[in-house]
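1. from the sequence below, what's the structure:
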Amino acid sequence: MRVSVDDSTSASNRKALMGKVKRIGKELEALGEELKRESVRLDRSELFGSQTQQQNSSDPFDPFGAKLIDTMGSLNQTTSLLHSTQLLCSETEATGAHTLTTMGAQREQLENANRNVSETKTIAGQAKTVLRKMGRRAAMNKLFLYFVILCLVAANCAVIYYQFIKS
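-> Okay, the predicted model is just below:
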């Protein structure tokens, strides 16, 4: 923060005001530093808990008793949490292994199904070719039979013509 004295004031007033401004500036800096120190102290006390209060109010004949009980309680809680986390990890690992086994079996089934589909497509293609050949042969046989029938009709007509008309 910057404070200045404008040029419209007299020289004697200006010196007095500048002195006050410098004094207030120094006080402001000192208060800022104190605020920073208190902020750091407060952050430390929040981070580490209120250990200083516990140490001041503890029994002088048992300086470590309360702290030891608190530490053991925290240790027991942490151990319990660690144990439950290990159980959860082992259950998750077992579930993952089971899932992996199931997925392996499903992959094998899918590969077999894919092979069967490929074989079915191949067989269907071969059947299509055979059916086309059979259709062409049937059409050729039909044409041949129509030709034979036409020849027989023509031969019958010729026989009738020579027997009745030429005789």
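2. from the contact counts, what lies against the lengthiest helix in the chain?
-> As assigned by DSSP state H, the longest helix anywhere in the chain is helix 65-160. In terms of contacts (3 or more C-beta pairs under 8 Å, 6 or more residues apart in numbering; DSSP states H and E), helix 65-160 is packed against helix 51-57. (Each C-beta comes from the backbone N, C-alpha and C, glycine too.)
3. average pLDDT for the helix it packs on?
-> For helix 51-57, mean pLDDT rounds to 49.
4. what do you get for stretch 32-45?
-> For stretch 32-45, the mean confidence score works out to 77.
5. in terms of pLDDT, where does Asp7 sit?
-> What the model reports as pLDDT for Asp7 is 59.
6. pLDDT weak spots in the chain?
-> Applying pLDDT under 70 to the chain picks out residues 1-9, 44-65, 167.
7. nearest the middle, which residue of it would you pick?
-> Gly96 (16.2 Å; C-alpha atoms, centre = their mean).
8. tell me how far that one lies from Thr129.
-> To Thr129, Gly96 is 49 Å away according to C-beta to C-beta, to the nearest Å.
9. swap in Leu82?
-> Leu82 is 70 Å from Thr129, by C-beta to C-beta.
10. how about Ile160?
-> Distance of Ile160 to Thr129, computed by C-beta to C-beta: 47 Å.
11. just Ser74 next, same as before
-> The spacing between Ser74 and Thr129, counted by C-beta to C-beta, is 81 Å.
12. buried sites along stretch 123-138?
-> Across stretch 123-138, burial judged by 16 or more other C-beta atoms under 10 Å covers no residue at all.
13. kindly export that stretch (C-alpha atoms) in CSV.
-> Presented in CSV, the C-alpha positions along stretch 123-138 are these (Å, rounded to 0.1, in the frame of the first residue of the first chain):
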residue,chain,number,x,y,z
ILE,A,123,-20.0,-74.8,-46.6
ALA,A,124,-22.8,-72.4,-47.6
GLY,A,125,-20.6,-71.0,-50.5
GLN,A,126,-19.9,-74.6,-51.7
ALA,A,127,-23.6,-75.5,-51.4
LYS,A,128,-24.5,-72.3,-53.5
THR,A,129,-22.0,-73.4,-56.2
VAL,A,130,-23.5,-77.0,-56.2
LEU,A,131,-27.0,-75.6,-56.4
ARG,A,132,-26.2,-73.4,-59.4
LYS,A,133,-24.6,-76.3,-61.2
MET,A,134,-27.7,-78.4,-60.5
GLY,A,135,-29.9,-75.6,-61.7
ARG,A,136,-27.9,-75.3,-65.0
ARG,A,137,-28.0,-79.0,-65.5
ALA,A,138,-31.7,-79.1,-64.8
